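Peer 1: Pasting the sequence and the predicted coordinates here, then a few questions.
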Amino acid sequence: MLGVSAAAAAGLWAWSRWHPLSFWYGVAFPVRLVRVYLTWRAVASGCKLARTKRAWRVTLDAIPVVGLAARSAASVVEQKRRVRRVSVEQAPRLGLMLPTPYGWRLRVRLHDGQVPEDYVKAAERLAHSWRVHSVRVLKHKPGRITLLATRRDPLIDVVAGGGPADLLVVRPGVLENGEPWVIDFRTVPHWMIVGATQSGKSNLANATIKALAPQPVALIGFDLKGGVEFTPYAPRLSALATTRKESVDLLEDLVGEVEQRMAVCREHGARNIWKLPEALRPVPVVVLVDEVAELFLMADKSEKDEVAKTGTALLRVAQLGRAFGVFLIICGQRIGSDLGPGVTALRAQLSGRVCHRVNDPETANMALGDLDPAALEVARAIAPETPGVAVVAGQDGTWHRARAEYVSESEAEQAARDFSHLAPSWADLIGRLPDIDAA
């Protein structure tokens, strides 16, 4: 018997080690499911999610009876049933618990008067009670929420999904729920990426360039740090601005290109370039801006006009770019309202947000403060020893912790060289005047 038990234990250990996913679905999850349901009342009470209600209960009361024949003997006890109202602690009702590769989803029906924020506040207590890495409130509808329990952190070892990507789609890493981190420019056209030095911001830019290099798109760079960041990728860039004067000129050309595309769409009755005939459809343009603060800082008043032109041009591209195939990636170590109203107006157009570890709360607030206070708290808690970890928010308002796969500068530079033949000449691109009378 002892030998059979030892063999079974060894078999389970080997199963969990060599095939952890099947072991989770076949053994570990059913055990967790039973434990969660059996202990839910105590867990809800300890997390202050249970409610005390008055209910009718039948109780048995012991009433002593002393008969004439028993006056000198012990008293006789008579049991009588009584119906009375008592206080009963009730836990919220659980719905179906479904497994995921990294944990489970659990539906919960809220008590009267409860709101999803009550469960957000209790998430850490729930995680400790269930012995998991984290618990998140994923989505909710009136009276119901869905909890996502993650049993281990999938951001420790990140390997991005391989294979060819769709047009204007980048998969730089994974989300905290184990799903691929997807940046789809056709869904969320403009992105703000903030992060301090060594936080992972440059690595995300490397991953983005490596993923976009083999795609039929034009890449435009703005690098006011003297070009030290983007010059190594010049073979794949259609244009690169490294000074404020070059930036102003390139932005004017970019606005002109957007207006030209607008005229073509108007002539053909198309709302965007994707509804144009393929022969007339222009090449999508992805604009990468490194250290956007350098575009808005002024050394003296003589630069005021250039800063104003820069802010206006960027804002116009952000407002019109999605329909006409021009997409923005705005990066910076620090982005604050003190840079001027142009930055605040631009931020409103950047529906995609990526916030790495930052050095000041203003930058985190600029990136996430208008979306979700909980996301802001998580971003401020990113540790320095976890480079690449970020809080990602998309157009639908949901947010996740995410981490990009490490992509070295040499890998990104090699991709830029390998696919340099796909980089359209910027002069040819803005000088191309399609025949708007063509079918």
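Peer 2: It's in.
Peer 1: Just list the residues touching A404, thanks.
Peer 2: Contact analysis of A404 by C-beta atoms under 8 Å, 6 or more residues apart in numbering lists 158, 160, 172-173, 181, 200, 203-204, 207, 388, 390. C-betas here are computed from N, CA, C, even on glycine.
Peer 1: cutoff 7 Å now
Peer 2: Counting by C-beta atoms under 7 Å, 6 or more residues apart in numbering, A404 makes contact with 158, 172-173, 200, 203-204, 207, 388.
Peer 1: same deal with I220?
Peer 2: 237-239, 285, 287-288.
Peer 1: which residues sit against stretch 12-28?
Peer 2: Taking C-beta under 7 Å, 6+ apart as the rule, stretch 12-28 contacts 99, 101.
Peer 1: circling back to that earlier point, tabulate the contacts of I220 in a markdown table, adding columns for secondary structure, pLDDT and neighbour count.
Peer 2: Compiled in a markdown table, the contacts of I220 are given as follows (DSSP: H, G, I helix; E, B strand; the rest coil; pLDDT from 0 to 100; neighbours: other C-beta atoms under 10 Å):
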| residue | secondary structure | pLDDT | neighbour count |
| --- | --- | --- | --- |
| L237 | strand | 94 | 20 |
| S238 | strand | 93 | 22 |
| A239 | strand | 93 | 24 |
| V285 | strand | 95 | 25 |
| V287 | strand | 95 | 23 |
| L288 | strand | 94 | 25 |
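Peer 1: and which of those is nearest to D153?
Peer 2: L288 (29.8 Å; C-beta to C-beta).
Peer 1: Just list what the lengthiest helix in the chain packs against, helices and strands only.
Peer 2: Criterion DSSP state H: the longest helix present in the chain is helix 244-267. Contacts defined by 3 or more C-beta pairs under 7 Å, 6 or more residues apart in numbering; DSSP states H and E place helix 244-267 against strand 237-241, helix 304-320, helix 426-431.
Peer 1: Deepest in the core, which of these is it.
Peer 2: Among these, strand 237-241 has the highest mean neighbour count (mean count of other C-beta atoms under 10 Å), at a mean of 21.
Peer 1: Give me the sheet partners of that one and which way each runs.
Peer 2: As defined by DSSP bridges, the strand partners of strand 237-241 come to strand 218-223 (parallel).
Peer 1: Using CSV, write out the CA atom coordinates for the partner strand.
Peer 2: Output in CSV follows, covering the C-alpha atoms of strand 218-223 (Å, rounded to 0.1, in the frame of the first residue of the first chain):
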residue,chain,number,x,y,z
ALA,A,218,6.4,53.5,-43.8
LEU,A,219,8.3,54.3,-40.6
ILE,A,220,9.0,58.0,-39.6
GLY,A,221,11.3,58.9,-36.7
PHE,A,222,11.6,62.0,-34.5
ASP,A,223,14.6,61.9,-32.3
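Peer 1: and it, average pLDDT?
Peer 2: Strand 218-223 carries an average pLDDT of 93.
Peer 1: How about stretch 175-188?
Peer 2: Averaged across stretch 175-188, pLDDT comes to 88.
Peer 1: show me where pLDDT drops low in this structure?
Peer 2: The chain contains residues with pLDDT under 70 at 1, 54-88, 159-165, 302, 394-397, 431-439.
Peer 1: before we move on, back to that, distance to P30 added to the contacts of I220, as a markdown table?
Peer 2: As requested, the contacts of I220 are arranged in a markdown table below (distance: C-beta to C-beta, whole Å):
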| residue | distance to P30 |
| --- | --- |
| L237 | 54 |
| S238 | 55 |
| A239 | 58 |
| V285 | 52 |
| V287 | 51 |
| L288 | 48 |
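Peer 1: now, which of those sits nearest A415?
Peer 2: Checking the contacts of I220 against A415 by C-beta to C-beta gives L237 as the nearest, at 12.2 Å.
Peer 1: May I have the beta-bridge partners of the closest one?
Peer 2: Residues in a beta bridge with L237, per DSSP bridges, are L219.
Peer 1: if I look at it, how far off is V286?
Peer 2: According to C-beta to C-beta, to the nearest Å, L237 stands 10 Å off from V286.
Peer 1: of all the helices and strands packed on helix 244-267, which lies closest to L254?
Peer 2: L254 lies closest to helix 304-320 among those, at 5.9 Å (C-beta to C-beta).
Peer 1: So which other helices or strands are in contact with the closest one?
Peer 2: Using 3+ C-beta pairs under 7 Å, 6+ apart, helix 304-320 is in contact with helix 244-267, helix 293-296, strand 326-332, helix 341-349.
Peer 1: 6 Å instead, please
Peer 2: Packed against helix 304-320 by the contact rule (3 or more C-beta pairs under 6 Å, 6 or more residues apart in numbering; DSSP states H and E) you find helix 244-267, helix 341-349.
Peer 1: For the contacts of A404, work out which two are farthest apart.
Peer 2: Spanning the widest gap among the contacts of A404 are V158 and L204, at 11.9 Å by C-beta to C-beta.
Peer 1: more crowded one of these two?
Peer 2: Taking neighbours as other C-beta atoms under 10 Å, V158 and L204 compare with L204 leading, 29 against 17.
Peer 1: List the residues that are in contact with both of L237 and V286.
Peer 2: Common contacts of L237 and V286 (C-beta atoms under 6 Å, 6 or more residues apart in numbering): L219.
Peer 1: list the buried ones in whatever helix or strand W40 lives in?
Peer 2: W40 is located in helix 29-46, with elements delineated by DSSP states H and E. Of all the residues in helix 29-46, those buried under the rule 16 or more other C-beta atoms under 10 Å are 29, 32, 36, 40, 43-44.
Peer 1: cool, stretch 227-234 as well?
Peer 2: Across stretch 227-234, burial judged by 16+ other C-beta under 10 Å covers 227, 229-230, 232-234.
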